[in-house]
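Visitor: A predicted structure for the sequence below; I have some questions about it.
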Amino acid sequence: MLITSNTKLKVRYSETDQMGVVHHGNYAQYLELARIDWLSRLGISYKSMEENGIMLPVFTLDFKFKKSAFFDDELTVKTSLKKIPTVKIIFDYEIFNGQQELITTASTILVFVNSETRKPIQCPSYLLDKINNY
C-alpha cells in the first residue's frame with residue numbers, strides 16, 4: 001500500500017437496526033468519510049476539487065463483513081491507496097472495532113470525471129505531486 005491513514009468514528013444510534021447492529025448500508029458512508037479524511041491529510045480538499053471541476057464518482061464498491069459493529073462502538077477505518085492513480089483511484093479499507101478486531105474489509109474504485117463534460121479525465125497533477133512527495 002502506498003499511503004495509509006486511520007479515521008476514527010463513533011457509531012450513532014440512527015445507524016443501527018432494532019438489535020443495535022450497524023445496518024450494512026451505513027458502511028459506504030464510513031468509507032466516504034475515511035476517503036475525505038485521507039485526502040485532507042494529504043492537504044487536498046475534496047470541496048476544492050469539486051469547485052475546480054473534478055468529481056470522483058464511485059465505480060465499484062466491495063465489502064466483506066466479518067463481525068458486526070454496534071451502537072456506540074468506536075471504529076477505526078484504515079484507508080490505503082492501492083496504487084498510483086490514473087483515470088481512477090483505488091482504495092482498500094479495513095475497519096476495526098474498539099478491541100482492534102477486524103470487522104470489515106472493503107475496496108472502492110473511483111473515477112476522476114470532468115464535471116462539465118461528465119467524461120473521465122486523468123488524476124490531477126497536484127494530487128499526483130502530493131502522493132509522490134509523501
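Guide: Ah, there it is. Everything numeric in this text was worked out from a predicted model, so none of it was measured.
Visitor: check the burial of Y30 by counting its neighbours.
Guide: Per other CB atoms under 10 Å, the neighbour tally for Y30 reads 21. Every C-beta, even on glycine, is put in place using the N, C-alpha and C of the backbone.
Visitor: nearest residue to it other than its sequence neighbours?
Guide: Residue nearest to Y30 in three dimensions, not counting chain neighbours: V77, with 5.7 Å by CB to CB, 6 or more residues apart in numbering.
Visitor: and the residue nearest to F70 when sequence neighbours are not counted, how far from D73?
Guide: Distances taken as CB to CB, 6+ apart put G20 closest to F70, at 5.1 Å, once the chain neighbours are dropped. Relative to D73, G20 is positioned 10 Å away (criterion: CB to CB, to the nearest Å).
Visitor: any idea which helix or strand comes after whichever strand or helix holds T104?
Guide: Element membership of T104 [criterion: DSSP states H and E] is strand 102-111. Once the chain leaves strand 102-111, the next helix or strand it forms, by DSSP H and E, is strand 113-114.
Visitor: residues in contact with that following strand?
Guide: Identification of contacts with strand 113-114 by CB atoms under 8 Å, 6 or more residues apart in numbering yields G53, I54, M55, L56, P57, K119, P120, I121.
Visitor: so where's this protein uncertain?
Guide: Confidence mapping of the chain against pLDDT under 70 gives the ranges 1.
Visitor: where do the strands sit along it?
Guide: Listed in chain order, the strands of the chain (DSSP state E) span 4-10, 54-55, 58-65, 74-81, 88-96, 102-111, 113-114.
Visitor: just put the ones you listed in a markdown table and tack on mean neighbour count and distance to A34.
Guide: Shown next, in a markdown table, are the strands of the chain (neighbours: other CB atoms under 10 Å; distance: least, CB to CB, whole Å):
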| stretch | mean neighbour count | distance to A34 |
| --- | --- | --- |
| strand 4-10 | 15 | 4 |
| strand 54-55 | 16 | 18 |
| strand 58-65 | 12 | 13 |
| strand 74-81 | 19 | 4 |
| strand 88-96 | 20 | 6 |
| strand 102-111 | 18 | 10 |
| strand 113-114 | 15 | 21 |
